[in-house]
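Engineer: Any chance you can model this:
(one chain, ligands or ions: 1)
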Amino acid sequence: MNILHLDASASDSTALHTRRLSGELVQRLEAANPGATIVYRDLVAAQLPHIDMTIRHAWTAEDTGDTRLAETISRFKALVDELKAADVVVVGSPMYNFTVPSTLKAWVDHVAIAGQTFSYTAEGPRGLLNGKVYLVLSSGGIYSQGPFAAYDHLSTYLKAIVNFVGIVDVEIIRAEGIAYGPEQDQAAMASAAQKIEAIAA
Ligand SMILES: Cc1cc2nc3c(=O)[nH]c(=O)nc-3n(C[C@H](O)[C@H](O)[C@H](O)COP(=O)(O)O)c2cc1C
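Structural biologist: Residues are numbered from 1 along each chain as shown. This is a model prediction of the structure:
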């Protein structure tokens, strides 16, 4: 089993939610699947660039010997290749301003490429990947239900993207309502940890 583990939280060690939970899930998946290989991408450390003209051009360009173009091609190819090679993808992501952190969006922009992870057909777009994705999410407020459910552009967006590239097996683990106080924080983390335990059992 090949596991691709992504983290996008900029929290420091005093307030870890998604990094702690995604790490826990990967550890348990590894324990349940001896010999599993793990590729880890810390997207905050990676600081992938925003799409600019070179990146846009690189999707279809041949390597012309230009150093920046060559670096850009090899960067997105490496990211696409490790996604294609993954049987399981674990994404740890907090909610920032109702959606994904821009570091994770930059990763999506590097891998959601026509001809690589999806293609256009006469019947419409077709995803080229398969496998399983776990979305390990955290937010200050509560979005899985209640008055703010319509503000959830985190789980809905990530689910749409992974479905679009062909991965339909998506499981969501949430620690939400963290900002409602220490008791809710602890309860949300305990409930997410329980779900992780059940997944790996
Ligand atoms: C830049 C920033 C933006 C945030 N935006 C939201 C938001 O829109 N909605 C929300 O409920 N929480 C928001 N939060 C709170 C985080 O989602 C929450 O603290 C989460 O538990 C952080 O997870 P982590 O510890 O894994 O980083 C924001 C936090 C930061 C730092």
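Engineer: how much distance is there from the lowest-mean-pLDDT helix or strand in the chain to the middle of the chain?
Structural biologist: Between all helices and strands in the chain, the lowest mean by mean pLDDT, DSSP states H and E belongs to helix 53-58, at a mean of 88. Relative to its parent chain, helix 53-58 has a centroid offset of 23 Å by CA atoms, centre = their mean, to the nearest Å.
Engineer: and that helix, which residues are buried?
Structural biologist: Within helix 53-58, the residues scored as buried using 16 or more other CB atoms under 10 Å are 55, 58. Yep, even glycine has a C-beta here, placed from its N, CA and C like the rest.
Engineer: If you count contacts, what does it end up packed against?
Structural biologist: Using 3 or more CB pairs under 8 Å, 6 or more residues apart in numbering; DSSP states H and E, the elements in contact with helix 53-58 are helix 67-85.
Engineer: redo that, cut-off 10 Å
Structural biologist: If you count contacts as 3 or more CB pairs under 10 Å, 6 or more residues apart in numbering; DSSP states H and E, helix 53-58 packs onto helix 67-85, helix 102-111.
Engineer: need the strands for the protein, in chain order.
Structural biologist: When secondary structure is read from DSSP state E, the chain shows strands at 2-7, 37-42, 88-94, 118-121, 124-127, 132-139, 169-176.
Engineer: Need the ones you listed in JSON lines (columns: mean pLDDT, mean neighbour count and distance to F148).
Structural biologist: Putting the strands of the chain into JSON lines (pLDDT from 0 to 100; neighbours: other CB atoms under 10 Å; distance: least, CB to CB, whole Å) gives the following:
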{"stretch": "strand 2-7", "mean pLDDT": "98", "mean neighbour count": "22", "distance to F148": "25"}
{"stretch": "strand 37-42", "mean pLDDT": "98", "mean neighbour count": "15", "distance to F148": "29"}
{"stretch": "strand 88-94", "mean pLDDT": "98", "mean neighbour count": "24", "distance to F148": "16"}
{"stretch": "strand 118-121", "mean pLDDT": "96", "mean neighbour count": "12", "distance to F148": "31"}
{"stretch": "strand 124-127", "mean pLDDT": "96", "mean neighbour count": "12", "distance to F148": "30"}
{"stretch": "strand 132-139", "mean pLDDT": "98", "mean neighbour count": "25", "distance to F148": "9"}
{"stretch": "strand 169-176", "mean pLDDT": "98", "mean neighbour count": "19", "distance to F148": "10"}
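Engineer: I'm done for today, thanks for sticking with me.
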